[in-house]
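J.: 3D, please:
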Amino acid sequence: MGVAIAAGAPDPLLRGMLVPVPAHPLRRRRHGFNQAAELARSIGRAAGLPVADVLRREAASRQQVGLERRARLLNLERSVSLRRPRRSGRPGIEGALTLVDDVYTTGATLDACARALREAGAERVTALTFARTIRT
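T.: Alright, predicted model coming up:
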């Protein structure tokens with residue numbers, strides 16, 4: 001999936017640093033990994049881009065699966081934040097950042113992530129996903 005995304009993504013999206021969307025803690029425990037982080041690493045290898053896992057998801061939010069857009073937006077208010085840096089200084093949020101997620105449903109998760117990055121000083125935030133759900 002990562003190789004396919006890297007091969008087909010417009011050039012402006014393959015600049016700067018890739019930032020995986022953090023998985024909800026329940027999903028991460030159930031799966032044992034964050035699928036967006038795996039996808040970001042794969043895209044990073046294929047496109048020669050660094051990956052910065054700088055976001056975290058608060059456990060207090062409900063899972064997004066099954067929620068309508070309005071409920072998703074309310075659910076994610078302030079539920080995504082920057083991880084604390086291990087060393088002094090900012091955790092790599094300068095310049096152009098591209099969020100990576102597996103599926104775009106309503107955009108609520110990407111909006112929450114982009115908001116957290118912009119509030120932390122990111123200059124430009126774009127997003128790449130493997131798939132998009134379509135409402136019928």
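J.: Going by residue numbers, what spans are strands in this protein?
T.: Under the criterion DSSP state E, strands of the chain are mapped to 17-20, 55-57, 80-82, 96-104, 124-132.
J.: Least confident of those strands, on average?
T.: Ranked by mean pLDDT, these bottom out at strand 80-82, with a mean of 82.
J.: Which one of the strands of the chain lies nearest to residue 8?
T.: strand 124-132 (9.7 Å; CB to CB). For glycine as for every other residue, the C-beta is placed from the backbone atoms N, C-alpha and C.
J.: how about low-confidence regions in this protein?
T.: Within the chain, the ranges that satisfy pLDDT under 70 run 28, 59-78, 84-92, 136.
J.: rerun at 90
T.: Low-confidence segments of the chain (pLDDT under 90): 1-2, 5, 10-16, 23-33, 56-96, 103-109, 111-112, 119-123, 131-136.
J.: Show me where it has its helices.
T.: Using DSSP state H, the helices found in the chain span residues 2-8, 25-31, 35-47, 69-76, 108-119.
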